[in-house]
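Chemist: Show me the folded form of this:
(4 chains)
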4 protein chains.
Amino acid sequence: MVKKARIGILGASGYTGAELVRLGLRHPHFELAVLTADRKAGQAMADVFPQFAPFDLPKLVAIEGLDWRSLALDLVFCALPHGTTQLVLKELLDTAPATRVVDLSADFRLDDPAAYETWYGHPHQALSLQSEAVYGLVEIYRKEIKGARLVANPGCYTTTCELPLIPLLKRKAIEPDEIIIDAKSGMTGAGRSAKEAMLFSEVSEGFNAYGIARHRHMAELDQEFSKAAGQDVIATFTPHLVPMNRGILATIYVRLRKDRTARDLRSILAEAYDREPFVHVLPYGDMPQTRHVRGSNMAMIGVAEDRREGAAIIVSVLDNLVKGASGQAIQNANLMLGFPETAGLEQIALFP
Amino acid sequence: MVKKARIGILGASGYTGAELVRLGLRHPHFELAVLTADRKAGQAMADVFPQFAPFDLPKLVAIEGLDWRSLALDLVFCALPHGTTQLVLKELLDTAPATRVVDLSADFRLDDPAAYETWYGHPHQALSLQSEAVYGLVEIYRKEIKGARLVANPGCYTTTCELPLIPLLKRKAIEPDEIIIDAKSGMTGAGRSAKEAMLFSEVSEGFNAYGIARHRHMAELDQEFSKAAGQDVIATFTPHLVPMNRGILATIYVRLRKDRTARDLRSILAEAYDREPFVHVLPYGDMPQTRHVRGSNMAMIGVAEDRREGAAIIVSVLDNLVKGASGQAIQNANLMLGFPETAGLEQIALFP
Amino acid sequence: MVKKARIGILGASGYTGAELVRLGLRHPHFELAVLTADRKAGQAMADVFPQFAPFDLPKLVAIEGLDWRSLALDLVFCALPHGTTQLVLKELLDTAPATRVVDLSADFRLDDPAAYETWYGHPHQALSLQSEAVYGLVEIYRKEIKGARLVANPGCYTTTCELPLIPLLKRKAIEPDEIIIDAKSGMTGAGRSAKEAMLFSEVSEGFNAYGIARHRHMAELDQEFSKAAGQDVIATFTPHLVPMNRGILATIYVRLRKDRTARDLRSILAEAYDREPFVHVLPYGDMPQTRHVRGSNMAMIGVAEDRREGAAIIVSVLDNLVKGASGQAIQNANLMLGFPETAGLEQIALFP
Amino acid sequence: MVKKARIGILGASGYTGAELVRLGLRHPHFELAVLTADRKAGQAMADVFPQFAPFDLPKLVAIEGLDWRSLALDLVFCALPHGTTQLVLKELLDTAPATRVVDLSADFRLDDPAAYETWYGHPHQALSLQSEAVYGLVEIYRKEIKGARLVANPGCYTTTCELPLIPLLKRKAIEPDEIIIDAKSGMTGAGRSAKEAMLFSEVSEGFNAYGIARHRHMAELDQEFSKAAGQDVIATFTPHLVPMNRGILATIYVRLRKDRTARDLRSILAEAYDREPFVHVLPYGDMPQTRHVRGSNMAMIGVAEDRREGAAIIVSVLDNLVKGASGQAIQNANLMLGFPETAGLEQIALFP
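Modeler: Model prediction:
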């Protein structure tokens, strides 16, 4: 029997934290050893998420005062706000350099310190970690992730968009300067902090765009699309809020390169993801729905032709809290710790 | 005091029918004289829509057997399925040629019989009415509507898209061959017929695209955009379903013509709709939400610049059952009957 | 033409405030002269509720610094939190004693200062106003309201329960000591303050009871039921939260007095509300739904027999923001100012 | 390694069928050998439930023509409509008497043929099976279930109510003739058949009672409560529909027997379910929410005192498709086949 890995979850009282606990509790090789939540320190996990009441879990503790060395954690999932994250992880990895980290914040996703400063408004405080970090889009960077100590788990919007577009850009099947992404997200993407705009009565029975032309996920998209295309790419990206809890759907409008057809795009994706356990490419012309990946680590992609000649439409979906956050984080952790990649991630989507 | 107009509503048991009754009951110049609903004939309106229980309304009757001449209706709202509509209206107008009609189906929206046949799969059965019909987008065709006997009320998606785009195409501010419309609609747009895919449990907590590259509203968009641009226009149009009852939001990606800016687009629209009671253009950069027009006849439009150079993003919203259907129909009727255009349409949006 | 009354709305940035503006803007005899919102003072109403962007409204101001005398308001709607309310209204009525007030808080609903202190944890600060105030359940206290200067608008839950139960208690048709009220409310009842428990993702796709055996509306129910029964009544009352914006439904379990039947209950209610414009009693055995009163000032009541012998079930619904708050407040104001009772309240429910 | 059991699922295209497939696919000891769906025979499971597209599953087949003997199924889950079920299972067990059956319909839940005939309007067609069937409320009838060939899986409402009430009735802690159950269910309880009243636009943003005093689950409650109490029990039961997909919450009003307190009720339940993996009793005074059991096989129960002296309020929740149907069915199957009772049922609730 495989020895269980000692796992810490920083920021367990948020939605991605709770999702790590939901999946981690049933992971065959995880022992949830430490759960932190600064403002709720001292409380039981069941006090902040009553679904855990029937289960044994460590009490929530504050990060300050933890002795990373003696805790001897094999791996830490960090689900803290950006900014804070880089300070906490710097100290953690200074003290316990053998601990591995999957970070769910945006702090280590951007390679370029200047890009970080532009989008986040302050210089990065942990530059050597930033250069060490590996971008954790498993299907693209699996090899690098296996040997990594610090993995930057991709954003939920970006995972949704990069899974279909990176293979197409690499294969030069689409024009890199005419990509329009119209993205729609469920409300858990906005997190658990109490804001008027996120109240049920403000959100229910309505729909809206937000953050037009200034959402921070754009920096991450620019970076990965540019790498894949071998040239600078600036994609249009408009996020919208859907009155539902979970799910992201991106409708992506692309222009085909000469001699390429929409069917070619589908073939490239089907080939790229043929053996992937968590990416499913639909038959040509079929389009995926967020409800069919709810609660699972699955991403689904569909391709159809556009009415405009030489153009195609791609629809990509995933559950923002699973494949878009905590599920992908566990997938990364499995690779880093040498466990089967699908361990703990086999739940099938909950529909209806 | 103005004499009340005798009004008929054909298809009162559907959602647009109910909305005509909701607004019509409080219209200062309407007398709801006839309500039809073939499958529910003999029932009270309160049996099919209990919100009307406290009010006096005529019983639902079948169309067959009505004597249009002796009914002497001033105006009929026709909310029947397409196909059926053209047969019913032909007989109605043959028998009672002085009655005016606002038709909410798609039967009389397309000028070109060939286009109708292509999109609907059969030749039009009332060609002379088709050529007589005026397209009822009030803000664009107000003058023609005033004298019309038969008005084809525009579709809900098309109204949402045409209000912002027609003025921009007319003023040659945007490229007509690079229009991408990503549209999202509440579920009432799918009507009241019992289909598995429209069940609560199928729809709630999910999001999806549908009818990619083949939605029939495209024919109507092509027609009106081509007229406005003075050249053939084929726009990309992708409809999606939102788990909410009412509201359409269209996110529209356009390329600016040389020397035009996104701010110019906003100015053109602000000027075009400056005196319109039912179209509100937001300050530059602000974006409208469907919830803020719910239940009202108001459309709201916002304009922002895109990240891509030379491009802009327009967001347009309305309530699909009001400005997208029954409200606009009453606005048309008011013009045709010489009533104040806003009569019966002054309700303010219901939010939250 | 009737002169317009100058109206003030205190607390216009909350949901009941917005609802007063929605209805007040279209009221034929209201001029909305003052809108207050302390934390949003200086902003336009459209900044906090964008649905008002197309309309002319006074800017939001702070209460402090208002000169009630020179404002010369005919009537003020007060939608402030309890506790604050009594202080503000004391000053207002001291300064401008001719102004009439409809208060939507709980501050003036309880006759008994001791009961107030028990439920609210502090002595009442405006005792003489408390004794002056008239309880504004229009259908029961219409006569008293007409001459009142200060009306305490009933709570939303209490209106839902009192409309069916007061006539039955008065007529001694049911046992006063065996009333069980299982109440369910939409989320707007919780107001607009940003609390974690009210976030969309916390509320959507779930259902729960809250405040069992300690909800403050019980004090108000006790008072009115005891008055009607002529003896002390303590009803069981369990509120629940429904993932919807608007609507309250109370399922009420009662035991019949000897020789009474469930049909008798229905008859008593039908007779009591026969000429009431805003209370509709359904045919025996039919049960109302919240969706059929949404956005309207209508209450609907149904009665059926229970399986248990000698027992009956009553279901009562209304829109908590309209008949349960702002609509009833305007109904009260109409009486106090001598306008037709239904003025400004004639909108029909918005369904679907 | 345990040999896998060959499993059949009859009625796989409904919601409980899909839930059996979701859980069964990941069950360590199940092989899903046969899936039937008469109207969808010939289709892939992914055509009717796209969430299964990434997985290998047998094609849907019609029941007619299946050779039960040669299929040699170890166990069949029957999720067919009542009435049909008894005919199908009679033939199945006649042909393949060694196959075990867990039936999710109501056909074998009532012991008394007369009660069946009264509630279902026709005589039972498989009387000997009816007398053979064991009622599958695991926590109460575990011993009987282990040896059973045919288990009648309890209804979703009834499981929610029986779990808290049977131990209390057995221990004579509550009065058996004053039980009032106010129950609320998500929409999946209504199944997948296309009915107007179940459309998203009819259901969303509203709440209502239905089937007052005539819901068929009452017969099942009567039977089990009477058995537990040792006397005839007729409970009041009012079901309501909540605009959510999953979850049932029952608010239960009981009168305490002499010398009993609400705290006693809690103690009796805590003791009864102390070692149960799927029933969790909350601390006294805390109340459970449906969202915290969503997608899991867990039931949660809370107890509080009522304002009325000598009375208590119990709130019980579960996921109607899991512990209320397919999860409990698998729990039964595990017992019947000698697998660990929790096998395949360990998923933790999905919240948010």
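Chemist: a helix runs through residue A:218, doesn't it?
Modeler: Yes: under DSSP: H, G, I helix; E, B strand; the rest coil, residue A:218 sits within a helix.
Chemist: Just the CA trace of stretch A:151-164, in PDB.
Modeler: Extracted C-alpha coordinates of stretch A:151-164, given in PDB (Å, rounded to 0.1, in the frame of the first residue of the first chain):
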ATOM      1  CA  VAL A 151       3.200  24.700  -9.500                       C
ATOM      2  CA  ALA A 152       1.100  27.700 -10.400                       C
ATOM      3  CA  ASN A 153      -2.400  26.300 -11.000                       C
ATOM      4  CA  PRO A 154      -4.000  28.100 -13.900                       C
ATOM      5  CA  GLY A 155      -7.000  30.300 -13.600                       C
ATOM      6  CA  CYS A 156     -10.500  28.900 -14.300                       C
ATOM      7  CA  TYR A 157     -11.200  31.100 -17.300                       C
ATOM      8  CA  THR A 158      -7.800  30.500 -18.700                       C
ATOM      9  CA  THR A 159      -7.900  26.700 -18.400                       C
ATOM     10  CA  THR A 160     -11.300  26.900 -20.300                       C
ATOM     11  CA  CYS A 161      -9.700  28.900 -23.100                       C
ATOM     12  CA  GLU A 162      -6.200  27.400 -23.300                       C
ATOM     13  CA  LEU A 163      -7.300  23.800 -23.600                       C
ATOM     14  CA  PRO A 164      -8.900  24.300 -27.000                       C
END
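Chemist: Is it positioned near chain C?
Modeler: No: in terms of CB under 8 Å from any CB of the partner chain, no part of stretch A:151-164 sits within range of chain C; the closest distance is 13.8 Å. In short, each C-beta sits where N, CA and C put it, glycine included.
Chemist: Relative to the whole chain's centre, how far out is that stretch?
Modeler: Chain-centre distance of stretch A:151-164: 5 Å, with CA atoms, centre = their mean, to the nearest Å.
Chemist: where in chain A is pLDDT low?
Modeler: By pLDDT under 70, the low-scoring segments of chain A are A:1-2.
Chemist: how about a cut-off of 90?
Modeler: Across chain A, the stretches falling below the confidence threshold (pLDDT under 90) are A:1-3, A:211-217.
Chemist: Provide the secondary structure category for the closest residue to residue A:205 other than its chain neighbours.
Modeler: Once its chain neighbours are removed from consideration, residue A:205 has its nearest residue in residue B:244; the separation is 4.7 Å (CB to CB, 6 or more residues apart in numbering or on different chains). Three-state assignment for residue B:244 (three-state DSSP): coil.
Chemist: Phi and psi next, for residue B:244.
Modeler: Listed backbone geometry of residue B:244 is phi -150, psi 160, with angles given as degrees, to the nearest 10.
Chemist: correct me, but it touches residue A:206?
Modeler: Yes: taking contact to mean CB atoms under 8 Å, the distance of 6.3 Å between residue B:244 and residue A:206 places them in contact.
Chemist: which residues are common contacts for those two?
Modeler: Residues touching both residue B:244 and residue A:206 (CB atoms under 8 Å, 6 or more residues apart in numbering or on different chains) are A:243, B:290.
Chemist: where does the stretch 151-300 of chain A come near chain B, residue by residue?
Modeler: Applying CB under 8 Å from any CB, we find that the stretch 151-300 of chain A lies next to chain B at A:177, A:180, A:182, A:184, A:186, A:201-202, A:204-210, A:212-213, A:218, A:234-238, A:240, A:242-247, A:249, A:251, A:253, A:285, A:287-292, A:294.
Chemist: repeat that with 6 Å
Modeler: Applying CB under 6 Å from any CB of the partner chain, one finds that the stretch 151-300 of chain A approaches chain B through A:180, A:182, A:184, A:201, A:205-209, A:212-213, A:234, A:236, A:238, A:242-244, A:249, A:251, A:253, A:287, A:289-291.
Chemist: Restricted to helices, list those.
Modeler: Cross-referencing these against helices under DSSP state H gives residue A:201.
Chemist: residues in contact with residue A:80?
Modeler: A:10, A:11 (CB atoms under 6 Å, 6 or more residues apart in numbering or on different chains).
Chemist: and if we set it to 10 Å?
Modeler: Contacts of residue A:80 were listed using CB atoms under 10 Å, 6 or more residues apart in numbering or on different chains, and they are A:10-11, A:14, A:17, A:36, A:38, A:63, A:86-89, A:103-105, A:107.
Chemist: Any of those buried? List them.
Modeler: With neighbours counted by 16 or more other CB atoms under 10 Å in any protein chain shown, the contacts of residue A:80 contain buried members at A:10-11, A:14, A:17, A:36, A:63, A:86, A:88-89, A:103-105, A:107.
Chemist: What about the residues you listed, which are in strands?
Modeler: A:10, A:36, A:103 (DSSP state E).
Chemist: where does the first one sit relative to residue A:98, distance-wise?
Modeler: Spelled out, it's residue A:10. 17 Å (CB to CB, to the nearest Å).
Chemist: so where do the helices sit in the stretch 51-200 of chain A?
Modeler: For the stretch 51-200 of chain A, helices defined by DSSP state H, counting those that start in this stretch occupy the ranges A:68-71, A:84-95, A:113-120, A:127-132, A:138-146, A:156-170, A:200-203.
Chemist: For stretch A:305-324, list every residue counted as buried.
Modeler: Buried residues in stretch A:305-324, counting neighbours by 16+ other CB under 10 Å, are found at A:305-308, A:311-324.
Chemist: An error on my part: the question was meant for stretch A:95-104.
Modeler: Burial within stretch A:95-104, assessed by neighbour count using 16+ other CB under 10 Å, is assigned to A:96, A:99, A:100, A:101, A:102, A:103, A:104.
Chemist: Please apply the same query to stretch A:121-134.
Modeler: With burial defined by 16+ other CB under 10 Å, the residues of stretch A:121-134 counted as buried are A:124, A:126, A:129, A:130, A:133, A:134.
Chemist: Which parts of chain A belong to which domain?
Modeler: Under automatic domain parsing, the residue ranges defining each domain of chain A are A:5-132, A:157-320.
Chemist: How about the residues of the stretch 201-350 of chain A by chain D?
Modeler: Listed as neighbours of chain D in the stretch 201-350 of chain A under the rule CB under 10 Å from any CB of the partner chain: A:204-205, A:243, A:245-246, A:276-283, A:286, A:288-289, A:291-296, A:298, A:300, A:319, A:321-322, A:346-350.
Chemist: Now with 7 Å, please.
Modeler: Within the stretch 201-350 of chain A, the positions lying close to chain D (CB under 7 Å from any CB of the partner chain) are A:205, A:245, A:280, A:289, A:292, A:295, A:298, A:346, A:347, A:348, A:349, A:350.
Chemist: The last one: neighbour count?
Modeler: So the one you mean is residue A:350. When counting by other CB atoms under 10 Å in any protein chain shown, one arrives at 27 neighbours for residue A:350.
Chemist: Near the residue lying closest to it once chain neighbours are set aside, how many residues? Count them for me, please.
Modeler: Distances taken as CB to CB, 6+ apart place residue A:295 nearest to residue A:350, at 4.2 Å, with adjacent residues excluded. Counted with other CB under 10 Å, the neighbours of residue A:295 add up to 25.
Chemist: repeat for residue A:300
Modeler: Here the count is done by other CB under 10 Å, and residue A:300 has 29 residues near it.
Chemist: Name the SS class of it, please.
Modeler: Reduced to three states by three-state DSSP, residue A:300 is strand.
Chemist: And the one 4 residues further on, by the same measure?
Modeler: Classification of residue A:304 into helix, strand or coil gives strand, according to three-state DSSP.
Chemist: Quick check: bridge partners of it?
Modeler: residue A:313 (DSSP bridges).
Chemist: Go ahead and confirm it touches residue A:262.
Modeler: Yes: using CB atoms under 7 Å, residue A:304 makes contact with residue A:262 at a distance of 6.4 Å.
Chemist: Spell out which residues are contacts of both of the two.
Modeler: A shared contact of residue A:304 and residue A:262, defined by CB atoms under 7 Å, 6 or more residues apart in numbering or on different chains, is any residue touching both; here these are residue A:312.
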